[in-house]
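**Q** Mind folding the following:
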Amino acid sequence: MAGEYRAEPEAMRSAVGNVGGIIAHGINAVADLERLVVQPMSFAGFGSAVAAANAALHSGQVTAVRTLLQLLQQVNGLVKASADAYQAADSDVAAGYGGGHAGGTAPASSIWGSSHASELATLAVNDSAGAHGEPSSVGNVLRYLGDARLGRLGDHPITDARFHGVADFNEWLAGDTGNQARVGLIEVYAGTARTFSDVPGGVHSGDVVVVEPLLFSDRQPVIGVAGDGGRLYNHGLLDARISGLAKVSVYRPASVV
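**A** Down below sits the predicted model:
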């Protein structure tokens, strides 16, 4: 309809998650750039003027990248706020007319397989009843994905024998759309976080979540399937509290792969 305004909050939040991953990679790039310092003595043959120019250039590069990241974070925050405000306003209008949802509400992005996500979460929760939890078991998660008929695991199964733990599996999966398609997941966030609330758009039920602690070497990476309230399950309820800071990767079940 002419003049009609439509927004898809779920798709907007998904975009926020993807940009959040880009920002996280950018933060890591800045850290690497800051470490690329050429010592002044290396310019002894060229003179102090060249050394000073190099220092100024290096400082300018770091400042420029930081400014870009700050701008991306601000825009990302505004997009998320817009999605939340639109959904809240839509719900208020629907409630005002006595309905559950307004007739003009746009459907959630079709790429997310809500039925697959629900089934995946149910499989993980049911398997966890009475169990103590296996936070390092990639095999359990692959089994849940296969039982939920995600990706191409039915025709081309994958076992945890090919991976050297959670971090190795996450490295295989992260940023590789082919591998993600094979297991029926899409990466929606990859970056540092102190709590799951730091993940743009939040962690949804059915998400596969990997937490790799950064501050404590004695804490091992954790992998699990999210249930209600951000709780993680992997043959038992997991203690997925983030101590200090961690690298967090979130993968969402997809109906189109």
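**Q** can you tell me how far residue 149 sits from residue 195?
**A** Per C-beta to C-beta, to the nearest Å, residue 149 is found 32 Å from residue 195. (C-beta placed from N, C-alpha, C; glycine too.)
**Q** same question, residue 170
**A** Taking C-beta to C-beta as the measure, residue 170 falls 19 Å from residue 195.
**Q** more crowded one of those two?
**A** Neighbours per residue (other C-beta atoms under 10 Å) separate residue 170 from residue 195, with residue 170 holding more: 22 against 11.
**Q** So that one sits against residue 221, correct?
**A** Yes. Under the criterion of C-beta atoms under 8 Å, residue 170 lies in contact with residue 221, with a separation of 7.2 Å.
**Q** Count the neighbours of the nearest residue to residue 231 once chain neighbours are set aside for me.
**A** Distance criterion C-beta to C-beta, 6 or more residues apart in numbering; nearest residue to residue 231, sequence neighbours excluded, is residue 237 at 6.2 Å. By the measure other C-beta under 10 Å, the count of residues near residue 237 is 18.
**Q** quick one, helices of the protein?
**A** 9-35, 48-96, 114-127, 138-147, 166-173, 177-183 (DSSP state H).
**Q** okay, the angle between the fifth one and helix 138-147?
**A** Going by axes from the mean of the first three to the mean of the last three C-alpha atoms, to 10 degrees, helix 166-173 is angled at 40 degrees with respect to helix 138-147.
**Q** Could you tell me the least trusted of the helices of the chain?
**A** If you rank those by mean pLDDT, helix 9-35 sits at the bottom with a mean of 61.
**Q** Could you list which residues are in contact with the closest residue to residue 118 other than its chain neighbours?
**A** Closest residue in space to residue 118, ignoring its immediate chain neighbours: residue 206 at 6.2 Å, by C-beta to C-beta, 6+ apart. Going by C-beta atoms under 8 Å, 6 or more residues apart in numbering, residue 206 touches 116-121, 225-226, 252-253.
**Q** would you list those residues in a markdown table and tack on distance to residue 175 and neighbour count?
**A** Formatted as a markdown table, the entries for those read as follows, by distance: C-beta to C-beta, whole Å; neighbours: other C-beta atoms under 10 Å:
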| residue | distance to residue 175 | neighbour count |
| --- | --- | --- |
| 116 | 22 | 22 |
| 117 | 21 | 23 |
| 118 | 27 | 14 |
| 119 | 26 | 18 |
| 120 | 22 | 29 |
| 121 | 25 | 22 |
| 225 | 21 | 30 |
| 226 | 21 | 25 |
| 252 | 15 | 26 |
| 253 | 18 | 28 |
